[in-house]
Every structure is written in structure tokens, then in C-alpha cells.
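Undergrad: Predicted model, plus sequence, below.
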Amino acid sequence: MYEVEMKFPLADPARLRAALAELGATAEEPLEQRDVYFAHPARDFGETDEAFRVRVVGEQNVVTYKGPVVGDRTKTRREIEIPFADGRADEFEAMLSLLGFREVRAVRKRRTPYHFTWEARPAECVVDEVDGLGTFAEVEATADEATREAVQDALLRLAERLGLEGQERRSYLVMLLETDD
């Protein structure tokens with residue numbers, strides 16, 4: 001499966017929430033997320049355009065691999081997510097370190113997800129308040145190889161409908177690393 005997403009800086013969250021309400025989107029409770037990104041011991045993810053992270057939301061944990069971005073209209077990449085034992089993130093991160101992975105940086109954010117149907121497909125829009133960066137909106141959906149182009153087109157129309165402008169192609173990790181320099 002592919003994750004198809006677009007990210008935008010968000011100056012007016014209230015305007016986006018109103019547009020989402022017009023689409024019948026329902027908001028979930030805000031989530032506190034901590035994403036810890038790791039460098040591979042034998043290859044440079046910066047060069048290969050991959051990402052490997054551990055996400056912690058409360059006691060829940062998931063490890064995620066993101067492949068290289070395909071295409072240039074949206075941020076579309078193969079994504080594999082695997083949940084692992086609740087409350088065990090520290091131990092899993094220690095194991096990665098012992099295997100030669102190196103922690104690059106943590107990204108902390110407060111995420112409010114909205115779910116709805118757009119053009120007969122399940123869609124999600126999230127409002128992220130990212131520590132050290134500000135507020136962003138992401139629209140995303142999943143696709144397989146056969147539907148990838150159609151989903152990208154649908155998300156482009158959704159972003160326009162929501163009034164989102166100034167697509168940001170960099171990840172939160174990259175933006176934070178640039179502010180660290």
C-alpha cells in the first residue's frame with residue numbers, strides 16, 4: 001500500500017475546521033504523538049529518501065518504514081506500519097540502538113484527525129501542532145498501485161476545496177533538522 005499525502009502550513013485552523021464541517025468530517029480527540037526517527041547502520045536514508053520511525057501515542061506503539069517518494073505532485077510513498085507491545089517503546093528503541101541504528105531526532109506533535117469520504121473514498125485530514133515548527137494540515141489517503149494516480153488527483157482537488165495552499169514537501173523531521181543547524 002501507498003500513503004498519499006499533502007502537507008500545508010496552516011495560518012487559520014478555524015477556517016479549515018469550518019470547511020471540514022461542510023464536508024461532514026468528524027473530528028477525533030487530539031492525540032499527543034512522539035515520533036523517533038532512526039538512521040540505518042549501513043545506508044543513508046537521506047540519500048535513499050526513506051524513513052524509519054517509532055511512533056508512540058499514549059501506551060500504543062507502532063514501527064513504520066516509509067519508502068522513497070514516488071511522483072512529484074503529492075508525497076506518495078510505500079508505507080509499512082507494524083504495531084508492537086503497548087508500553088514497550090523504550091525497550092524497542094534500545095534494541096534498535098544495540099543493532100546499530102542511531103536515533104536521529106524526535107518529533108513531538110499534537111494531532112487532531114478528521115475522517116470523511118471524499119469522491120467515494122475514505123480520506124483523512126489532520127491538524128498538527130508540531131513542537132518547534134507551528135501548525136500544519138495534512139490530507140491523506142491510501143492507495144494501491146492501480147489507484148495511486150486517481151487518489152493523488154482526488155487529494156489535489158480536496159486540498160483546493162479546503163483552501164489549502166503552499167504545499168510543504170519536506171517532512172517534519174527534515175524541517176526540524178534544518179532549524180537545528
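TA: Alright, I've got the coordinates.
Undergrad: Every contact and neighbour count from this point should use C-alpha atoms.
TA: Will do.
Undergrad: quick one: contacts for the closest residue to Arg55 other than its chain neighbours?
TA: In this structure, Arg55 finds its nearest non-sequential neighbour in Asp35, 4.4 Å apart by Cα to Cα, 6 or more residues apart in numbering. Asp35 makes contacts with 53-56, 106-108, as judged by Cα atoms under 8 Å, 6 or more residues apart in numbering.
Undergrad: Now flag whichever of the residues you listed is closest to His40.
TA: Distance to His40 across the contacts of Asp35 (Cα to Cα) is lowest for Arg53, with 10.7 Å.
Undergrad: what are the ranges of the strands in the chain?
TA: Here the chain has its strands, by DSSP state E, at 2-9, 26-27, 31-39, 51-57, 60-70, 75-84, 102-118, 121-130, 134-143.
Undergrad: What strands flank the second one, and is each parallel or antiparallel?
TA: Each strand paired with strand 26-27, and its direction, by DSSP bridges: strand 102-118 (antiparallel).
Undergrad: Could you tell me how far the strand it pairs with lies from the centre of the chain?
TA: Strand 102-118 sits 5 Å away from the centroid of its parent chain (Cα atoms, centre = their mean, to the nearest Å).
Undergrad: likewise stretch 33-49?
TA: Offset of stretch 33-49 from its chain centre (Cα atoms, centre = their mean): 15 Å.
Undergrad: Stretch 46-61 too?
TA: A distance of 10 Å separates the centroid of the chain from that of stretch 46-61, by Cα atoms, centre = their mean.
Undergrad: Equivalent analysis for stretch 20-27, please.
TA: That offset, for stretch 20-27, works out to 20 Å (Cα atoms, centre = their mean).
Undergrad: In stretch 169-178, which residues are buried?
TA: Neighbour-count burial for stretch 169-178, with 16 or more other Cα atoms under 10 Å as criterion, is recorded at 169, 172-173, 176.
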